[in-house]
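Participant: Compute the structure for the input listed below.
(chains A and B)
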Amino acid sequence: MLVKVNNNRELKLEMHKGVFTPTGTSKALVKAVGNFITQPGKLLDLGCGSGVVGISLQQLGLVKDALYVSDLSKEAVDCAEINAKQYNCPIVAKCGPLFEPWKEEKFDYIVDDVSGVSETVAKISPWFDNVPCNSGIDGTELIVQVIQEASRHLNPFGKLFFPIVSFSDVDKILKVAHQQFSRVERLAHEEWPLPQEMNQHVALLKKLQEKGVIQITEKFGMTLWFTDVYVAYNA
Amino acid sequence: MGTISEQEVLTVIQKALDLDGQLVTIESSVWNINEWDSLGHLGILTALDKFFDGKVAAIKEMAKADSVRKILHILKNNSLM
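Facilitator: Presented below is the predicted three-dimensional model:
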(Lines give C-alpha, C1' and ligand atoms only; values in the text may rest on other atoms or scores of the structure.)
Protein backbone atom coordinates (compact mmCIF):
# COMPACT_ATOMS: atom_id res chain seq x y z
CA MET A 1 0.00 0.00 0.00
CA LEU A 2 1.31 3.43 -0.96
CA VAL A 3 0.98 6.06 1.77
CA LYS A 4 1.62 9.73 1.03
CA VAL A 5 3.35 11.15 4.13
CA ASN A 6 3.59 14.66 2.74
CA ASN A 7 4.00 16.33 -0.66
CA ASN A 8 7.55 14.99 -1.04
CA ARG A 9 7.41 11.54 0.46
CA GLU A 10 5.54 8.29 -0.13
CA LEU A 11 5.90 5.05 1.81
CA LYS A 12 5.23 1.63 0.39
CA LEU A 13 3.98 -0.44 3.32
CA GLU A 14 3.16 -4.12 3.51
CA MET A 15 -0.33 -5.04 4.67
CA HIS A 16 -0.89 -8.50 6.12
CA LYS A 17 -4.17 -10.40 6.38
CA GLY A 18 -5.87 -9.67 9.69
CA VAL A 19 -4.09 -6.33 10.06
CA PHE A 20 -6.20 -3.18 9.93
CA THR A 21 -5.81 -1.39 6.59
CA PRO A 22 -5.16 2.33 7.18
CA THR A 23 -8.13 4.61 6.55
CA GLY A 24 -8.55 8.34 6.15
CA THR A 25 -8.57 8.63 9.94
CA SER A 26 -4.97 7.35 10.19
CA LYS A 27 -3.99 9.78 7.43
CA ALA A 28 -5.71 12.66 9.23
CA LEU A 29 -3.92 11.66 12.44
CA VAL A 30 -0.48 11.68 10.75
CA LYS A 31 -1.18 15.04 9.15
CA ALA A 32 -2.45 16.68 12.35
CA VAL A 33 0.30 15.29 14.60
CA GLY A 34 2.96 15.99 11.96
CA ASN A 35 1.89 19.62 11.76
CA PHE A 36 1.70 19.99 15.53
CA ILE A 37 4.93 18.44 16.84
CA THR A 38 7.98 20.64 16.46
CA GLN A 39 10.50 18.67 18.57
CA PRO A 40 11.29 14.98 18.10
CA GLY A 41 10.47 12.91 21.18
CA LYS A 42 9.95 9.42 22.55
CA LEU A 43 6.82 8.35 20.70
CA LEU A 44 4.40 5.45 21.21
CA ASP A 45 2.09 4.38 18.38
CA LEU A 46 -0.69 2.65 20.34
CA GLY A 47 -2.84 0.29 18.28
CA CYS A 48 -0.20 0.44 15.59
CA GLY A 49 -1.69 -1.96 13.00
CA SER A 50 0.75 -1.93 10.08
CA GLY A 51 2.76 0.83 11.81
CA VAL A 52 1.63 3.44 9.31
CA VAL A 53 1.18 6.28 11.81
CA GLY A 54 4.41 5.80 13.77
CA ILE A 55 6.59 5.09 10.74
CA SER A 56 5.19 8.13 8.89
CA LEU A 57 5.96 10.35 11.89
CA GLN A 58 9.45 8.82 12.18
CA GLN A 59 10.05 9.57 8.50
CA LEU A 60 9.03 13.17 9.18
CA GLY A 61 11.83 13.33 11.78
CA LEU A 62 9.53 13.53 14.80
CA VAL A 63 10.69 10.39 16.62
CA LYS A 64 13.73 10.49 18.88
CA ASP A 65 15.76 7.27 18.83
CA ALA A 66 13.46 4.25 18.48
CA LEU A 67 9.79 4.18 17.56
CA TYR A 68 7.64 2.37 20.15
CA VAL A 69 4.62 0.48 18.82
CA SER A 70 2.11 -1.98 20.22
CA ASP A 71 -1.06 -3.74 19.17
CA LEU A 72 -3.32 -6.47 20.48
CA SER A 73 -2.69 -8.41 17.28
CA LYS A 74 0.57 -10.36 16.89
CA GLU A 75 0.15 -10.15 13.09
CA ALA A 76 -0.03 -6.36 13.33
CA VAL A 77 3.11 -6.12 15.47
CA ASP A 78 5.01 -8.39 13.05
CA CYS A 79 3.77 -6.31 10.10
CA ALA A 80 4.84 -3.05 11.77
CA GLU A 81 8.32 -4.49 12.44
CA ILE A 82 8.71 -5.53 8.78
CA ASN A 83 7.56 -2.11 7.56
CA ALA A 84 9.86 -0.28 10.00
CA LYS A 85 12.83 -2.33 8.84
CA GLN A 86 12.18 -1.33 5.21
CA TYR A 87 12.68 2.32 6.16
CA ASN A 88 15.57 1.80 8.62
CA CYS A 89 13.31 2.89 11.44
CA PRO A 90 14.58 1.60 14.82
CA ILE A 91 11.58 0.02 16.54
CA VAL A 92 10.54 -1.44 19.88
CA ALA A 93 7.42 -3.49 19.12
CA LYS A 94 5.28 -5.29 21.68
CA CYS A 95 2.08 -7.28 21.57
CA GLY A 96 -0.69 -6.72 24.13
CA PRO A 97 -3.83 -4.77 24.97
CA LEU A 98 -3.55 -0.97 25.24
CA PHE A 99 -0.91 0.03 27.83
CA GLU A 100 -0.31 -3.45 29.24
CA PRO A 101 2.98 -3.93 27.33
CA TRP A 102 4.27 -0.58 28.65
CA LYS A 103 3.87 -0.93 32.42
CA GLU A 104 6.97 1.04 33.45
CA GLU A 105 7.41 3.09 30.30
CA LYS A 106 6.78 6.81 29.84
CA PHE A 107 6.65 8.77 26.60
CA ASP A 108 6.77 12.32 25.30
CA TYR A 109 4.07 11.57 22.75
CA ILE A 110 1.41 8.88 22.68
CA VAL A 111 -0.46 8.61 19.40
CA ASP A 112 -3.60 6.57 19.84
CA ASP A 113 -5.07 4.81 16.83
CA VAL A 114 -7.08 2.05 18.52
CA SER A 115 -10.47 1.22 17.12
CA GLY A 116 -13.06 3.85 18.00
CA VAL A 117 -16.04 2.83 15.90
CA SER A 118 -19.37 1.54 17.21
CA GLU A 119 -19.40 -2.25 16.87
CA THR A 120 -22.79 -1.99 15.15
CA VAL A 121 -21.29 0.32 12.54
CA ALA A 122 -18.15 -1.82 12.24
CA LYS A 123 -20.31 -4.78 11.15
CA ILE A 124 -21.75 -2.88 8.18
CA SER A 125 -18.54 -1.02 7.30
CA PRO A 126 -15.80 -2.12 4.88
CA TRP A 127 -13.06 -1.41 7.47
CA PHE A 128 -13.05 -4.43 9.76
CA ASP A 129 -12.63 -7.33 7.36
CA ASN A 130 -11.04 -10.14 9.43
CA VAL A 131 -10.06 -7.55 12.04
CA PRO A 132 -11.73 -7.48 15.47
CA CYS A 133 -13.54 -4.36 16.70
CA ASN A 134 -14.02 -4.51 20.46
CA SER A 135 -14.95 -0.92 21.12
CA GLY A 136 -18.51 -1.47 22.35
CA ILE A 137 -21.90 -0.46 20.99
CA ASP A 138 -21.05 3.25 21.23
CA GLY A 139 -17.43 2.86 20.05
CA THR A 140 -15.96 4.36 23.23
CA GLU A 141 -14.70 1.42 25.30
CA LEU A 142 -11.09 1.33 24.12
CA ILE A 143 -10.51 5.03 23.56
CA VAL A 144 -11.95 5.94 26.97
CA GLN A 145 -9.58 3.44 28.59
CA VAL A 146 -6.64 4.94 26.68
CA ILE A 147 -7.56 8.47 27.78
CA GLN A 148 -7.98 7.36 31.41
CA GLU A 149 -4.60 5.60 31.55
CA ALA A 150 -2.51 7.82 29.29
CA SER A 151 -1.30 10.34 31.86
CA ARG A 152 0.47 7.54 33.80
CA HIS A 153 2.53 6.88 30.67
CA LEU A 154 3.32 10.46 29.71
CA ASN A 155 6.40 12.38 30.73
CA PRO A 156 5.85 15.84 32.25
CA PHE A 157 4.53 18.10 29.44
CA GLY A 158 3.92 14.98 27.33
CA LYS A 159 1.01 14.87 24.92
CA LEU A 160 -1.66 12.37 23.99
CA PHE A 161 -2.99 12.56 20.44
CA PHE A 162 -6.26 10.80 19.68
CA PRO A 163 -8.78 10.75 16.85
CA ILE A 164 -12.51 10.73 17.50
CA VAL A 165 -14.58 9.23 14.73
CA SER A 166 -18.21 10.32 14.52
CA PHE A 167 -19.25 6.66 14.37
CA SER A 168 -18.91 6.74 18.15
CA ASP A 169 -20.34 8.70 21.09
CA VAL A 170 -18.17 11.78 20.52
CA ASP A 171 -19.54 13.73 23.52
CA LYS A 172 -18.83 10.88 25.96
CA ILE A 173 -15.21 10.60 24.80
CA LEU A 174 -14.66 14.35 25.04
CA LYS A 175 -16.20 14.47 28.52
CA VAL A 176 -13.71 11.85 29.75
CA ALA A 177 -10.83 13.69 28.05
CA HIS A 178 -11.74 16.95 29.81
CA GLN A 179 -12.02 15.10 33.15
CA GLN A 180 -8.56 13.56 32.77
CA PHE A 181 -6.65 16.48 31.23
CA SER A 182 -6.80 20.17 32.06
CA ARG A 183 -6.16 21.14 28.45
CA VAL A 184 -7.63 19.41 25.40
CA GLU A 185 -7.56 20.99 21.93
CA ARG A 186 -8.96 19.99 18.58
CA LEU A 187 -6.22 19.95 15.92
CA ALA A 188 -8.16 18.86 12.85
CA HIS A 189 -11.64 18.18 11.54
CA GLU A 190 -12.16 16.17 8.37
CA GLU A 191 -15.43 15.12 6.82
CA TRP A 192 -15.86 12.02 4.67
CA PRO A 193 -18.61 10.70 2.43
CA LEU A 194 -20.18 7.44 3.55
CA PRO A 195 -18.41 4.48 1.91
CA GLN A 196 -20.52 3.10 -0.92
CA GLU A 197 -21.02 -0.22 0.91
CA MET A 198 -22.77 1.65 3.75
CA ASN A 199 -25.25 3.64 1.67
CA GLN A 200 -27.82 0.84 1.98
CA HIS A 201 -27.63 1.15 5.79
CA VAL A 202 -28.45 4.84 6.11
CA ALA A 203 -31.73 4.05 7.96
CA LEU A 204 -29.81 2.08 10.61
CA LEU A 205 -27.22 4.86 10.92
CA LYS A 206 -30.00 7.42 11.41
CA LYS A 207 -31.47 5.28 14.21
CA LEU A 208 -28.06 5.12 15.90
CA GLN A 209 -27.80 8.88 15.53
CA GLU A 210 -31.21 9.34 17.20
CA LYS A 211 -29.94 7.25 20.14
CA GLY A 212 -26.86 9.49 20.39
CA VAL A 213 -24.47 6.66 19.50
CA ILE A 214 -23.07 8.29 16.35
CA GLN A 215 -23.10 11.61 14.47
CA ILE A 216 -23.75 11.88 10.74
CA THR A 217 -24.87 14.84 8.64
CA GLU A 218 -26.52 15.36 5.28
CA LYS A 219 -24.67 17.82 3.05
CA PHE A 220 -24.44 18.34 -0.70
CA GLY A 221 -26.95 15.47 -1.07
CA MET A 222 -24.51 13.07 0.63
CA THR A 223 -24.35 11.40 4.03
CA LEU A 224 -21.17 12.52 5.77
CA TRP A 225 -19.26 11.41 8.85
CA PHE A 226 -16.19 13.00 10.39
CA THR A 227 -12.88 12.49 12.13
CA ASP A 228 -11.62 14.99 14.71
CA VAL A 229 -8.04 14.83 15.95
CA TYR A 230 -7.35 16.05 19.49
CA VAL A 231 -4.29 16.72 21.63
CA ALA A 232 -4.42 16.42 25.43
CA TYR A 233 -1.63 18.05 27.45
CA ASN A 234 -0.07 16.38 30.47
CA ALA A 235 0.68 18.87 33.24
CA MET B 1 -23.47 37.47 -4.48
CA GLY B 2 -23.15 37.73 -8.26
CA THR B 3 -19.70 39.34 -8.22
CA ILE B 4 -17.74 36.11 -7.88
CA SER B 5 -15.76 35.28 -11.01
CA GLU B 6 -15.21 31.88 -12.59
CA GLN B 7 -11.49 32.29 -11.92
CA GLU B 8 -12.11 32.67 -8.18
CA VAL B 9 -14.09 29.42 -8.14
CA LEU B 10 -11.34 27.68 -10.14
CA THR B 11 -8.81 28.86 -7.55
CA VAL B 12 -10.95 27.44 -4.71
CA ILE B 13 -11.16 24.08 -6.51
CA GLN B 14 -7.43 24.15 -7.30
CA LYS B 15 -6.58 24.67 -3.61
CA ALA B 16 -9.10 22.07 -2.43
CA LEU B 17 -7.56 19.39 -4.65
CA ASP B 18 -4.04 20.30 -3.52
CA LEU B 19 -2.66 19.69 -7.02
CA ASP B 20 1.06 19.61 -7.68
CA GLY B 21 1.52 21.80 -10.75
CA GLN B 22 -1.60 20.74 -12.67
CA LEU B 23 -3.95 23.68 -13.33
CA VAL B 24 -7.69 23.42 -12.88
CA THR B 25 -9.60 24.73 -15.90
CA ILE B 26 -13.22 24.84 -16.96
CA GLU B 27 -12.61 21.49 -18.69
CA SER B 28 -11.38 19.78 -15.51
CA SER B 29 -13.41 16.88 -14.18
CA VAL B 30 -13.21 13.57 -12.32
CA TRP B 31 -12.13 12.08 -15.64
CA ASN B 32 -8.94 14.08 -16.09
CA ILE B 33 -7.78 14.86 -12.54
CA ASN B 34 -6.58 11.87 -10.49
CA GLU B 35 -7.00 13.67 -7.18
CA TRP B 36 -10.71 14.28 -7.90
CA ASP B 37 -11.95 11.11 -6.18
CA SER B 38 -14.78 10.92 -3.63
CA LEU B 39 -12.66 12.57 -0.94
CA GLY B 40 -11.39 15.15 -3.41
CA HIS B 41 -14.99 15.85 -4.39
CA LEU B 42 -15.99 16.39 -0.78
CA GLY B 43 -12.95 18.64 -0.33
CA ILE B 44 -14.11 20.76 -3.27
CA LEU B 45 -17.65 21.03 -1.92
CA THR B 46 -16.48 21.85 1.60
CA ALA B 47 -14.12 24.54 0.28
CA LEU B 48 -16.87 26.02 -1.92
CA ASP B 49 -19.29 25.97 1.02
CA LYS B 50 -16.77 27.92 3.09
CA PHE B 51 -16.11 30.34 0.23
CA PHE B 52 -19.85 30.94 -0.27
CA ASP B 53 -20.55 31.38 3.48
CA GLY B 54 -22.35 28.06 4.01
CA LYS B 55 -24.72 28.42 1.05
CA VAL B 56 -23.48 25.39 -0.90
CA ALA B 57 -24.14 22.61 1.65
CA ALA B 58 -27.88 22.61 1.02
CA ILE B 59 -27.57 22.25 -2.76
CA LYS B 60 -28.23 18.55 -3.39
CA GLU B 61 -27.23 18.54 -7.08
CA MET B 62 -23.68 19.33 -5.97
CA ALA B 63 -23.19 15.67 -4.95
CA LYS B 64 -23.24 14.68 -8.63
CA ALA B 65 -21.39 17.67 -10.09
CA ASP B 66 -18.37 15.81 -11.44
CA SER B 67 -16.84 18.61 -13.50
CA VAL B 68 -15.89 22.25 -13.11
CA ARG B 69 -18.38 23.15 -15.84
CA LYS B 70 -21.25 21.50 -13.92
CA ILE B 71 -20.19 23.14 -10.63
CA LEU B 72 -20.17 26.58 -12.22
CA HIS B 73 -23.57 25.90 -13.82
CA ILE B 74 -25.10 24.88 -10.47
CA LEU B 75 -23.58 27.86 -8.65
CA LYS B 76 -25.02 30.21 -11.28
CA ASN B 77 -28.44 28.51 -11.14
CA ASN B 78 -28.47 29.07 -7.40
CA SER B 79 -27.58 32.76 -7.84
CA LEU B 80 -24.23 32.38 -6.10
CA MET B 81 -22.32 33.75 -9.11
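
Participant: For chain B, give me the ranges with low pLDDT.
Facilitator: Residues of chain B meeting the criterion pLDDT under 70: B:1-2.

Participant: interface residues of it facing chain A?
Facilitator: Within chain B, the residues that sit near chain A (C-beta under 8 Å from any C-beta of the partner chain) are B:20, B:38-39, B:41-42, B:45-46, B:49, B:56-64. For the C-beta atoms, the positions are set from N, CA and C on the backbone; glycine is no exception.

Participant: Can you give me the end-to-end span of stretch A:198-216?
Facilitator: Taking C-alpha to C-alpha, to the nearest Å, stretch A:198-216 runs 12 Å from one end to the other.

Participant: same deal with stretch A:34-50?
Facilitator: Termini of stretch A:34-50 sit 18 Å apart (C-alpha to C-alpha).

Participant: for that stretch, which positions count as buried?
Facilitator: With burial defined by 16 or more other C-beta atoms under 10 Å in any protein chain shown, the residues of stretch A:34-50 counted as buried are A:34, A:36-37, A:40-50.

Participant: Among the residues you listed, which ones are in strands?
Facilitator: A:41-46 (DSSP state E).

Participant: how many neighbours does whichever residue of chain A sits closest to chain B have?
Facilitator: Closest residue of chain A to chain B, C-beta to the nearest C-beta: residue A:221 (3.4 Å). Neighbours of residue A:221 under the rule other C-beta atoms under 10 Å in any protein chain shown: 15.

Participant: Enumerate every residue touching it.
Facilitator: B:59-64 (C-beta atoms under 8 Å, 6 or more residues apart in numbering or on different chains).

Participant: if we can go back for a sec, so which of the ones in strands among the buried residues of stretch A:34-50 comes closest to residue A:96?
Facilitator: Using C-beta to C-beta, the shortest approach to residue A:96 within those belongs to residue A:46, at 10.6 Å.

Participant: Just give the number of residues close to the closest residue in space to that closest one that isn't next to it in sequence.
Facilitator: In space, and not counting its chain neighbours, residue A:46 is closest to residue A:112: 4.9 Å by C-beta to C-beta, 6 or more residues apart in numbering or on different chains. The number of residues packed near residue A:112 is 23, by other C-beta under 10 Å.

Participant: try residue A:119
Facilitator: By other C-beta under 10 Å, the residues close to residue A:119 number 17.

Participant: who are the neighbours in contact with it?
Facilitator: Residue A:119 makes contact with A:133-137, A:139 under the criterion C-beta under 8 Å, 6+ apart.

Participant: pLDDT wise, what is it at?
Facilitator: In this model, residue A:119 is scored at 93, pLDDT.

Participant: for the one 4 residues further on, same thing?
Facilitator: pLDDT recorded at residue A:123 is 91.

Participant: what about it, which helix or strand?
Facilitator: Here residue A:123, judged by DSSP states H and E, is contained in helix A:119-124.
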